[in-house]
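[1] sequence first, predicted model second:
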Amino acid sequence: MPPEGKKTVCGAKAVMKALLAGRAEKIYLARDASEAVVGPLRRLAEENAIPVDGSHSMRDLGKKASIEIGAAAVALTK
């Protein structure tokens with residue numbers, strides 16, 4: 001899970017933007033999210049040697065990102 005106090009972005013689009021801008025330090029992908037949503041994020045992260053954690057649920061990621069809905073993806077940013 002993202003550490004407390006670290007800056008995060010959540011949602012597939014925001015995480016993609018962070019990856020493309022070179023701001024992502026680590027990404028978290030929900031294990032229960034659609035592969036169509038998280039697959040491109042995983043591939044881009046792996047191509048750029050960004051660590052990927054896929055062990056949490058959408059609900060867990062949403063809660064940790066302080067939103068009231070589930071999140072398919074969360075990124076720790078620089």
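    Good, I have the coordinates. Numbering: from 1, shown residues only.
[2] C-alpha from now on. contacts and neighbour counts both.
    Noted.
[3] surely Cys10 and Ala75 touch.
    Yes: look at Cys10 against Ala75 with CA atoms under 8 Å: they come within range, at 6.4 Å.
[4] Provide a list of residue ranges in this protein with pLDDT below threshold.
    Scanning the chain for pLDDT under 70 picks out the ranges 1-5.
[5] and after the longest helix along the chain, which helix or strand comes next?
    Looking only at the chain and at elements set by DSSP state H, the helix with the highest residue count is helix 35-47. Tracing the chain past helix 35-47, the next element assigned as helix or strand by DSSP states H and E is strand 52-53.
[6] packing partners for that next one?
    Applying 3 or more CA pairs under 8 Å, 6 or more residues apart in numbering; DSSP states H and E, one finds that strand 52-53 makes contact with strand 24-29, helix 35-47.
[7] can you tell which of these is closest to Ala71?
    Counting by CA to CA, Ala71 lies closest to strand 24-29 out of the helices and strands packed on strand 52-53; the figure is 8.4 Å.
[8] other residues contacting the closest one?
    The contact list for strand 24-29 (CA atoms under 8 Å, 6 or more residues apart in numbering) reads 1-2, 15, 18, 38, 42, 45, 50-56, 61, 72-78.
[9] distance of Ala65 from Arg23?
    17 Å (CA to CA, to the nearest Å).
[10] who's more crowded, the two?
    Ala65 (23 against 14; other CA atoms under 10 Å).
[11] so Cys10 and Ala75 - more neighbours on which side?
    The neighbour comparison of Cys10 against Ala75 (other CA under 10 Å) goes to Ala75, with 27 against 23.
[12] what's across from the nearest residue to Pro51 once chain neighbours are set aside in the sheet?
    Setting aside the residues directly before and after it, Pro51 is nearest to Lys26 in space (CA to CA, 6 or more residues apart in numbering), at 4.9 Å. According to DSSP bridges, the partner residues bridging Lys26 are Leu76.
[13] so what's Gly62 up against?
    The neighbours of Gly62, taking CA under 8 Å, 6+ apart as the test, are Cys10, Glu68, Ile69, Gly70, Ala71.
[14] rewinding a little: need the contact partners of the longest helix of the chain.
    Contacts with helix 35-47, where a contact means CA under 8 Å, 6+ apart, come from Ala12, Val15, Met16, Leu19, Ile27, Leu29, Ala30, Pro51, Val52, Ala72, Ala73.
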